[in-house]
Each structure stands twice: as C-alpha cells, then as structure tokens.
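Visitor: A predicted structure for the sequence below; I have some questions about it.
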Amino acid sequence: MKAGHSGEEMKFLLVAFLWTCWALPLARADDVAAGRAIAQDQYKGNCLACHRMPGDPSAVTLANLGPVLKDIRSRYPDRAELRRRVWDASTFNPDTIMPPYGRHRILTEQEIDAVVDYIRGL
Amino acid sequence: MMRLFEARFPGIPADDYVLGAFMLNDDAREHYEEIMSFPPFTVDIDRGRELWNTPLHDGKTYAQCLPNGGRMIAGNYPAYDPVAKRIVTFEMEINRCRVESGDAPYRYDDARTMGTLTAYARTLSDGMRMNIRVDGPEALAHYEAGRALYYRRIGQMNFSCANCHVDNAGKIMRMETISPAIGQATHFPVFRGGDKLYTLQARYTRCMKQVRAQPFPMGSETFNDLEYFHSYLSNGLPLKASVYRR
C-alpha cells in the first residue's frame, strides 16, 4: 500500500518535472492558442465572421466576406506589415469592411500580437 | 441599386427579393417553404387576431379607425405627415387609434403587444405592393436623413448598413447569408428560429448591436426616417407579413 502511494507521488513528480521541461518551449504555443481563442471569439476578433482558415480544423465557418487566410507566413514574410493590417486594414484599403482592431481598440496590443502569431501559423 | 443586384444575382425575379437570403439558394428556399407550410408561430398570429378584434376603450375597433378598414394599407407606411411634419409608421397609426379611443399607446418595442398585434394586422395587407411616397422637400429631407444613416459607418466595428446589405449581399457572414437591402421591409414582423418575434425596428436594433453601435430607440424619429428610406427601397414588391427567418 505504502509503496503504491509513493509510486503515485513519484508519478506526480515525474509529470510535474516533465511539464516544467515542456512549459518553457511551449510558451509560444500558448500564445498561439490564445491567438486562436481571440480569433474565434465572437466578442473579440470574430475573424471567422469573414474569413475561412482551412489550416485550422477548429475554425468552423462558411464565411466568404474576406479572403481565405492561408499561407500567411510566406505571403507576409514581414510580420510588422501583417500586424499593421490587423491593426487598421483601412490604411491598405480605405473602403475595407475589415474592422480596425487596433485603431478602434477592439483588441488590445497584446491580443493583436497573439492573433498575428496565430494566423502566421495558418 | 436593383441593377447592381440583378447583375450579381442574374435570373432572380424582383418579386423573389421578399424572400431575403432564402432567394439565393434552392435548399434554403425549400427549407423556408416547408416551415411556412405549417408555421410554428400560428398561435402568435391568432393572438394578434384576438388583439385586433378586441374593441378599444370607446368600443371602436382598429378596423373602424384605420383607413380602408385596415386592409391593404401597410405598404403606404411609413408616410410623411405634412401636418404633424413627421414620418408616421404603421405602428404609430395603431397607437393613434388606441389613444383616440382612450387607450394607452403600446410600446413599439413590446413584442407581446405591438409586435403580436402587427404580426396579424400586417397580414391584412399581404399582396399589396410597397408604395412609399416621397413628395416635396420636407418628405425628401426625412428620406435623405434615413439614407444618410443607411450609408454611415457606425459602431466599434465601423460598418454601415449598406456595407453588408448592398456591398456584401449574397456573401456569407460566419454561417448566415446576407440578404439584399431590397425586399427586406416587405415581410415583417419575422419569427426568427420560428418562434422569436422581431419587428422591423427590432431587427435594425439587432444589426446595430452586431456592429457594436448604440442602437437608436425603437419608434424614435431616427429609426422612423431609416425605415422610410429602407421601405422605399422595396417599392413595387409584394408584401407578405409574418414569416419565418433563421
């Protein structure tokens, strides 16, 4: 019994140790997960109202108001330019219907960074 | 505007625009017709008929108070009233009858009273063609005010009504096909999901909230001007009240 108990403890320690090892490199993945959540949240990014993202199976939408978001990293090698687009798409197209996420403070600067990191993986 | 839509949706007859987004897809149209053949909101329409037939405080009925017995008139509203110098909606006419007979007016935004009553009363004009008249500079000023609002970008999301219902009509927003502006004013109230009653101005409110704009009060002069312009866009189309919407 006692041995089994400490076996559980060992397992717990092992898991905790492995988790610590993984957590640091995974911080980036956490950001991407945050970006995905913001992109999909109707009250935050709501990107799925307009964009399909075939690279992410969790992005369920039929939207076609905006272009399909894919191959973003190769099409926007300059992260800063991509970020400016999300911050205020009207600087690129004055008639755009894409909401000005930064200019109208729909998202915080941090949230915009998380979304940009997320779509760069699409 | 109709020319723009005809080019985008070739072959769709003008009268079909009253179907809104359902006109754009055969499956959706079938789904609509199936639900309309046995509408889940029949009880609400019946309740509206009871309200309609219940005599007002002084014994008069709505049919006695309204022009033409209340039949085939809804398409004339909103109208400009040159004496009161304001836009008069069908709902304001209902309230005029109530007040003249000694009853309290209904609130425009009360779905149980005004919504339910008009869900029946407007069916008495089914088949009438929308007939909004803009005569003279004063009426035109209200029309222009409504038009300006329709094209103005509002809210945190920075959208105008026209951005969606003109520029992007027929496109899909998340899961919903966006209907064209023409035809939208012909069939209200609607029952969304088959049971949730929305008057026309309640729908305006919902769209404004969607773009995170502060909606105008229902029954306000601003919304009435908007309804005046918006209804004019449907001139010539057949009315068909109280229909199903997703």
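Guide: Yes, it's here.
Visitor: Disregarding residues adjacent in the polypeptide, which is nearest to B:V99?
Guide: B:P105 (5.6 Å; Cβ to Cβ, 6 or more residues apart in numbering or on different chains). C-beta coordinates here come from the backbone N, C-alpha and C atoms, glycine included.
Visitor: Quick check: which element contains that neighbour?
Guide: Counting by DSSP states H and E, there is no helix or strand that carries B:P105.
Visitor: wait, isn't it in contact with B:C97?
Guide: No: using Cβ atoms under 8 Å, B:P105 is not in contact with B:C97; the gap is 9.6 Å.
Visitor: which one of these two has more residues nearby?
Guide: Using other Cβ atoms under 10 Å in any protein chain shown as the criterion, B:P105 and B:C97 rank with B:C97 on top: 19 against 16.
Visitor: pretty sure that one contacts B:Y62?
Guide: Yes: using Cβ under 8 Å, B:C97 makes contact with B:Y62 at a distance of 5.4 Å.
Visitor: shared neighbours of those two, which are they?
Guide: By Cβ atoms under 8 Å, 6 or more residues apart in numbering or on different chains, B:C97 and B:Y62 have these common neighbours: B:L56.
Visitor: show me the contacts for the residue nearest to B:V99.
Guide: B:95, B:98-99.
Visitor: Mind checking what helix or strand follows whichever helix in chain B runs longest in sequence?
Guide: What stands out as the longest helix in chain B, according to DSSP state H, is helix B:136-151. As assigned by DSSP H and E, the chain's next helix or strand after helix B:136-151 is helix B:161-162.
Visitor: so how far is A:V116 from the spatially most central residue of chain A?
Guide: Centroid-nearest residue in chain A, with Cα atoms, centre = their mean: A:G35, separated by 2.2 Å. Distance, A:G35 to A:V116, by Cβ to Cβ, to the nearest Å: 7 Å.
Visitor: For chain A, what lies in contact range of chain B?
Guide: A:48-50, A:61-65, A:90, A:97, A:99-100, A:104-106 (Cβ under 8 Å from any Cβ of the partner chain).
Visitor: Drop anything exposed from the residues you listed.
Guide: Among the residues of chain A next to chain B, those classed as buried by 16 or more other Cβ atoms under 10 Å in any protein chain shown are A:48-50, A:61, A:63-65, A:90, A:97, A:99-100, A:106.
Visitor: Need the phi and psi values for the residue nearest to B:L117 when sequence neighbours are not counted.
Guide: Computed as Cβ to Cβ, 6+ apart, the closest residue to B:L117 that is not its neighbour in sequence is B:L51, at 4.4 Å. The phi and psi values for B:L51, taken as degrees, to the nearest 10, are phi -60, psi -40.
Visitor: How about B:A79?
Guide: phi -130, psi 150.
Visitor: What residues does it make contact with?
Guide: By Cβ under 8 Å, 6+ apart, the residues touching B:A79 are B:87-88, B:132-133.
Visitor: Closest one of those to B:H165?
Guide: B:I132 (17.3 Å; Cβ to Cβ).
Visitor: Surely the closest one is in contact with B:Y228?
Guide: Yes: between B:I132 and B:Y228 there is a contact under Cβ under 8 Å: 6.8 Å.
Visitor: one step back: quick one, grab the pLDDT at the residue nearest to B:L117.
Guide: At B:L51, the model reports a pLDDT of 98.
Visitor: List the contacts of it.
Guide: B:L51 touches B:113, B:116-117, B:120, counting by Cβ under 8 Å, 6+ apart.
Visitor: for A:D56, same thing?
Guide: Counting by Cβ under 8 Å, 6+ apart, A:D56 has contacts A:36, A:122.
Visitor: Can you verify it is assigned to a strand?
Guide: No: applying DSSP: H, G, I helix; E, B strand; the rest coil, one finds A:D56 to be coil, outside a strand.
Visitor: Next one: A:A63 from B:I45, what distance?
Guide: Taken as Cβ to Cβ, the span from A:A63 to B:I45 is 34 Å.
Visitor: same question, B:G115
Guide: Applying Cβ to Cβ, the value for B:G115 to B:I45 is 11 Å.
Visitor: Ok, A:D71 next?
Guide: Using Cβ to Cβ, we find A:D71 at a distance of 52 Å from B:I45.
Visitor: ok, back up a step: which one's more surrounded, B:G115 and B:I45?
Guide: Neighbours per residue, other Cβ under 10 Å: of B:G115 and B:I45, the larger number sits with B:G115, 23 against 17.
Visitor: Show the model's pLDDT score for that one.
Guide: pLDDT recorded at B:G115 is 98.
Visitor: likewise A:A29?
Guide: On the pLDDT scale, A:A29 gets 74.
Visitor: Let me see the contact set for it.
Guide: By Cβ under 8 Å, 6+ apart, A:A29 has no neighbours at all.
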